[in-house]
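Chemist: any chance you could fold what I've pasted below:
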Amino acid sequence: MDTSRSTYHLLLDRISARTASVAVIGLGYVGLPLAIAVARAGFPAVGFDIEAQKIESLNGGQSYIEAVTSQALAEQVAGGRFRATADFTELAGCDIIIICVPTPLTRHREPDLSFVRNTASTIASNLRRGQLIVLESTTYPGTTDDVIRPILEETGLKSKVDFFLGFSPEREDPGNRNFEVATIPKVVAGDGPEAAAAVQAFYQSVVRTVVPVSSTATAEAVKLTENIFRSVNIALVNELKVVYGAMGIDIWEVIEAAKSKPFGYMPFYPGPGLGGHCVPIDPFYLTWKAREYELPTRFIELAAEINTAMPRHVVDVLAKALDRRCGKALSRSRILIVGLAYKKNVPDIRESPSLRLIELIEEWGGKAEFHDPYVAEIPATREHMAIKGRRSVELGAAALKGFDAIVIATDHDEVDYQLIAGHAPLIVDTRNVFGRLGLASDSVVKA
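Modeler: Just a heads-up that it's a prediction; the model follows:
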């Protein structure tokens, strides 16, 4: 206990003085913005990643993530407050270690914690007394206690005594210019009161608002709840879109009027399906964990089914519109998908419904291409290997006339919708972009 008290107070002193060395493992959409926020707060920050190209780029002051400008990165590198490395033995010299690695799903829709487990094992190989380890990766309740802690304690060091363990869910929103790491409230929790206090003290030094909760499992549940909330509500409006559409009612007009109510309603918007790493994936972490308790999660699973079915609905609308308006079968048509990214104004294609749209169109026998100002080429992905390597088509009057239909899957601001409206014979709009811009015409069909 004396050891615990001495290492604990030393850690708190270093956090207070902002001399604690902070390691961020995983320099993607979550890790890199966090590392730069930590450096800006005055802590010496070290980013760890296994990709040599990332390390070279970052140490050269070149960012590959929109949320971190190259100028902001270069300032921290030049000031000696941030550097990147692939040498994980340097973890032993860090006071605080933050885990920001992916938590995908397996092909059977079960949690894949291989990145988390491997990272915990790497930390264990370099673990020393007095360190604070914080998991930020989204996962099911109990991961910090049941997965991370046992791996670290295999070293013989004990949580709450020799090292401190916490969880703080990431809350990144790629493309949202209204918020950044420092301005997004941070939920925090620790394994025991000392860990909780250390986690809170650290994040209070980096972000404006900290929201402490009673346990790491609670903090893990907070993140899942946030994204399940979005998944369920998006599924609701997607289902209403289909039902109202059959009645000849425009769901977008309904939502616009409904959101005028100052209480009891929050607008969510339909689309061609869900994308990104969080909302399409996180609900399955809870449904998987709930099976351990023999409890159903019918509501959550139904929402996932509705959202997953949306690309097929869009293609059905496309096929019918081609037949009725153009007298042409989808199997003989050339289709342009506008927007490959899963959301507007970002280059992120993770779980993007546009990838599925391309596959479904070609399953019908059609030919699908894409245009995206943020994505030049379809990279290799586990689920969509057949379409990798395809490149973005340049927009132009002649190019547009060569397609039988345009599907607006992602409403990037940089796209010239006036050009599309003037030259596309048929437009299937899944985002109501033409309605919002006042460009609605007889060639536009909503889906």
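
Chemist: okay, CA-based contacts and neighbour counts for the rest of this
Modeler: Will do.

Chemist: ok, and for stretch 355-372, which residues are buried?
Modeler: For stretch 355-372, a neighbour-count test (16 or more other CA atoms under 10 Å) marks 355-362, 366-372 as buried.

Chemist: hang on, I meant stretch 316-328
Modeler: Residues of stretch 316-328 classed as buried: 316-319, 321-322 (neighbour count, 16+ other CA under 10 Å).

Chemist: now do the helices in the stretch 1-150 of the chain.
Modeler: Along the stretch 1-150 of the chain, counting by DSSP state H, counting those that start in this stretch, helices occupy 2-17, 31-40, 52-59, 70-78, 114-125, 143, 149-153.

Chemist: go through those helices and name the closest to Thr430.
Modeler: helix 31-40 (30.9 Å; CA to CA).

Chemist: just the element for Phe164, please.
Modeler: strand 164-167 (DSSP states H and E).

Chemist: that strand - contacts with which helices or strands?
Modeler: In terms of contacts (3 or more CA pairs under 8 Å, 6 or more residues apart in numbering; DSSP states H and E), strand 164-167 is packed against strand 132-135, strand 186-190, helix 193-204, helix 216-246.

Chemist: where does the stretch 301-447 of the chain have low pLDDT?
Modeler: For the stretch 301-447 of the chain, applying pLDDT under 70 flags the ranges 440.

Chemist: can you give me the strands for it?
Modeler: Ranges of strands in the stretch 301-447 of the chain, per DSSP state E, counting those that start in this stretch, are 334-338, 367-371, 405-408, 427-429, 444-446.

Chemist: in its sheet, what does the last one sit against?
Modeler: Taking DSSP bridges as the criterion, strand 444-446 sits next to strand 427-429 (parallel) in its sheet.

Chemist: for the partner strand, buried residues please.
Modeler: Result for strand 427-429 [16+ other CA under 10 Å]: buried residues 427-429.

Chemist: equivalent analysis for stretch 295-304, please.
Modeler: Neighbour counts over stretch 295-304 (16+ other CA under 10 Å) mark 300-301, 303-304 as buried.

Chemist: export the helices of the stretch 1-150 of the chain to CSV and tack on mean pLDDT and distance to Ala196?
Modeler: Shown next, in CSV, are those (pLDDT from 0 to 100; distance: least, CA to CA, whole Å):
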stretch, mean pLDDT, distance to Ala196
helix 2-17, 84, 11
helix 31-40, 97, 19
helix 52-59, 96, 32
helix 70-78, 97, 28
helix 114-125, 98, 19
helix 143, 97, 16
helix 149-153, 98, 15
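
Chemist: pick the most deeply packed of those helices.
Modeler: helix 31-40 (a mean of 25; mean count of other CA atoms under 10 Å).

Chemist: helices or strands up against that one?
Modeler: Using 3+ CA pairs under 8 Å, 6+ apart, helix 31-40 sits against strand 22-25, strand 45-48, helix 70-78, strand 82-85.

Chemist: quick one: it to chain centroid distance?
Modeler: Here helix 31-40 is found 17 Å from its chain centre; the criterion is CA atoms, centre = their mean, to the nearest Å.

Chemist: and what of stretch 251-267?
Modeler: Relative to its parent chain, stretch 251-267 has a centroid offset of 26 Å by CA atoms, centre = their mean.

Chemist: now do that stretch, average pLDDT.
Modeler: For stretch 251-267, the mean per-residue pLDDT is 97.

Chemist: what's next to that stretch, contact-wise?
Modeler: 237, 240-241, 244-245, 268-269, 432 (CA atoms under 8 Å, 6 or more residues apart in numbering).

Chemist: and of the helices and strands packed on strand 164-167, who's closest to Ser6?
Modeler: With CA to CA as the criterion, Ser6 lies closest to helix 193-204 of the helices and strands packed on strand 164-167, at 11.8 Å.

Chemist: kindly format the C-alpha coordinates of the closest one as PDB.
Modeler: This file holds the C-alpha atoms of helix 193-204, laid out as PDB (Å, rounded to 0.1, in the frame of the first residue of the first chain):
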ATOM      1  CA  PRO A 193     -10.900   5.500  -6.500                       C
ATOM      2  CA  GLU A 194      -7.200   6.300  -7.100                       C
ATOM      3  CA  ALA A 195      -7.300   5.400 -10.700                       C
ATOM      4  CA  ALA A 196     -10.600   7.300 -11.100                       C
ATOM      5  CA  ALA A 197      -9.000  10.400  -9.600                       C
ATOM      6  CA  ALA A 198      -5.900  10.000 -11.800                       C
ATOM      7  CA  VAL A 199      -7.900   9.600 -15.000                       C
ATOM      8  CA  GLN A 200     -10.000  12.600 -14.100                       C
ATOM      9  CA  ALA A 201      -7.000  14.800 -13.200                       C
ATOM     10  CA  PHE A 202      -5.400  14.000 -16.600                       C
ATOM     11  CA  TYR A 203      -8.300  14.600 -18.800                       C
ATOM     12  CA  GLN A 204      -9.200  17.800 -16.900                       C
END
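
Chemist: now that helix: buried residues?
Modeler: 194-204.

Chemist: what do you get for stretch 179-187?
Modeler: Buried residues in stretch 179-187 (16+ other CA under 10 Å): 180-182, 184-187.

Chemist: equivalent analysis for stretch 203-211, please.
Modeler: Quick answer for stretch 203-211 (16+ other CA under 10 Å): 203-207, 210.

Chemist: ok, now which ones touch the residue most central in space within the chain?
Modeler: In the chain, the centroid-proximal residue (CA atoms, centre = their mean) is His277; its distance is 3.8 Å. Contact analysis of His277 by CA under 8 Å, 6+ apart lists 104, 350-351.

Chemist: for Leu12, same thing?
Modeler: Counted by CA under 8 Å, 6+ apart, Leu12 has contacts 198, 201.

Chemist: same thing but at 6 Å, please
Modeler: The contact partners of Leu12, by CA atoms under 6 Å, 6 or more residues apart in numbering, come to none.

Chemist: cool, Gly26 as well?
Modeler: 48-49, 100-101.

Chemist: go again using 7 Å as the cut-off
Modeler: The neighbourhood of Gly26, defined by CA atoms under 7 Å, 6 or more residues apart in numbering, consists of 48-49, 99-101.

Chemist: same thing with Val213?
Modeler: By CA under 7 Å, 6+ apart, the neighbours of Val213 are 188-189, 219.

Chemist: okay, how far is it across stretch 433-445, tip to tip?
Modeler: In stretch 433-445, first residue to last residue: 11 Å (CA to CA, to the nearest Å).

Chemist: what residues of it count as buried?
Modeler: Quick answer for stretch 433-445 (16+ other CA under 10 Å): 433-434, 440, 443-445.

Chemist: circling back to that earlier point, for Ala72, state which of the buried residues of stretch 295-304 is nearest.
Modeler: Nearest to Ala72, judged by CA to CA, of these is Ala304 at 38.0 Å.

Chemist: next one: the closest one from Arg356, what distance?
Modeler: 15 Å.

Chemist: ditto for Val147
Modeler: The gap separating Val147 from Arg356 is 34 Å, by CA to CA.
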